[in-house]
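K.L.:
here is the input, now give the coordinates:
(4 chains)
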2 protein chains.
Amino acid sequence: MDTYKLFDAEYKFANLIWENEPINSTELVKLSFERLGWKKSTTYTVLRKLCERGILKNEAAIVSSVIKKEDAQRHESQMVIEKSFNGSLPQFLTAFLGERKISKKEAEELKRIIEEAAK
Amino acid sequence: MDTYKLFDAEYKFANLIWENEPINSTELVKLSFERLGWKKSTTYTVLRKLCERGILKNEAAIVSSVIKKEDAQRHESQMVIEKSFNGSLPQFLTAFLGERKISKKEAEELKRIIEEAAK
DNA sequence: AAATTAGGTTTATTGCAATAAACTAAATGT
DNA sequence: ACATTTAGTTTATTGCAATAAACCTAATTT
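P.N.:
The predicted structure follows:
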């Protein structure tokens, strides 16, 4: 199965860790309550699952990520394009932009990113 | 609630219709069985839900789409970028490309799409 | 006129993501 | 020594997407 795939709740949770790692697990419980409204047991349940899938780790009550945000995001973006856009980035871009216009500045930035990948 | 959002099974189903509309409902039942392995009742259940949400319509046993594929795709792509990429297309592009290289040809195509939206 | 097909609806069942209550055991504070 | 805090696990519960069985009625075929 697809160990990289993060469900909605898992993704929100992973973000807390990416933004605060390394973080002590008791601190994480507090943070999850403040930011997600989760009870302690919920936090530990989700934490364990993500550890089992090799996405996070919890060593001596210090939680940190194994898979970095960029990797999860790349995976996510590639899944979407595969599933909904026939694996085609141009098709995705076309759909996303639709009739929307973008500024010269944005266009420059996007072209720069593309240039960089075309080397 | 978000009427445009299509769940996985719904999206696969909608694709059958986008590719074959207008289509008679009995034909659609056959097609769903062949392509998705669905029983008749499953097809009608999903069909009704999508009709209620204004995505499809079923008039005198002729099924067709109200929301076109391009619209659903645009919505989908925008949701992903909002949810996982902070609303930033450059961030998405960067994540998607990662260390991957693309051909000159692809790069040209992508730049053309961007140019078009920058007018 | 009896059987079959077309075109559905009503009402489950299953599976899994999301959430948490209740319990534990070890360490630490008083 | 006792109370509290830390750091969890075990075991539900809930909600909803996905799937389908069973039923229904009108039209068509035999």
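K.L.:
show me the helices in chain A, by range?
P.N.:
A:8-20, A:25-36, A:40-52, A:69-85, A:89-97, A:104-117 (DSSP state H).
K.L.:
near DNA strand C, which residues of chain A?
P.N.:
Counting by CB under 7 Å from any atom of the strand, the residues of chain A close to DNA strand C are A:7-10, A:36-42, A:45-46. Using the backbone N, CA and C atoms, a C-beta is placed for each residue, glycine as well.
K.L.:
do you know the pLDDT at the most far-flung residue of chain A relative to its centre?
P.N.:
Most distant from the centre of chain A: residue A:104, at 28.5 Å, with distances by CA atoms, centre = their mean. pLDDT recorded at residue A:104 is 91.
K.L.:
pretty sure it sits against residue B:118.
P.N.:
Yes - Residue A:104 is within contact range of residue B:118, at 6.1 Å (criterion: CB atoms under 8 Å).
K.L.:
ok, back up a step: out of the helices of chain A, the one nearest residue A:60 is which?
P.N.:
Residue A:60 sits nearest to helix A:25-36 of all the helices of chain A, at 9.4 Å, using CB to CB.
K.L.:
is that closest one in proximity to chain B?
P.N.:
No - Helix A:25-36 stays clear of chain B (CB under 8 Å from any CB of the partner chain), getting no nearer than 15.0 Å.
K.L.:
who touches that helix?
P.N.:
Here helix A:25-36 makes contact (CB atoms under 8 Å, 6 or more residues apart in numbering or on different chains) with A:9, A:12-13, A:16-17, A:20, A:23, A:38-40, A:42-44, A:47, A:58, A:61-63.
K.L.:
just want the angle from it to helix A:40-52.
P.N.:
110 degrees (axes from the mean of the first three to the mean of the last three CA atoms, to 10 degrees).
K.L.:
tell me the buried residues in helix A:25-36?
P.N.:
Neighbour-count burial for helix A:25-36 flags A:28, A:29, A:31, A:32, A:36 (criterion: 16 or more other CB atoms under 10 Å in any protein chain shown).
K.L.:
before we move on, what about stretch A:105-112?
P.N.:
A:106, A:107, A:109, A:110, A:111.
K.L.:
pLDDT check: weakest of those residues?
P.N.:
Looking at the buried residues of stretch A:105-112 by pLDDT, the weakest one is residue A:106, with 92.
K.L.:
please report the distance of that one from DNA strand C.
P.N.:
Distance, residue A:106 to DNA strand C, using CB to the nearest atom of the strand, to the nearest Å: 31 Å.
K.L.:
likewise residue A:56?
P.N.:
14 Å.
K.L.:
excluding covalently adjacent residues, which one is nearest to that residue?
P.N.:
residue A:50 (4.4 Å; CB to CB, 6 or more residues apart in numbering or on different chains).
K.L.:
just give me the neighbour total for that neighbour.
P.N.:
Per other CB atoms under 10 Å in any protein chain shown, the neighbour tally for residue A:50 reads 23.
K.L.:
could you check how far it is from residue A:14?
P.N.:
Distance, residue A:50 to residue A:14, using CB to CB, to the nearest Å: 7 Å.
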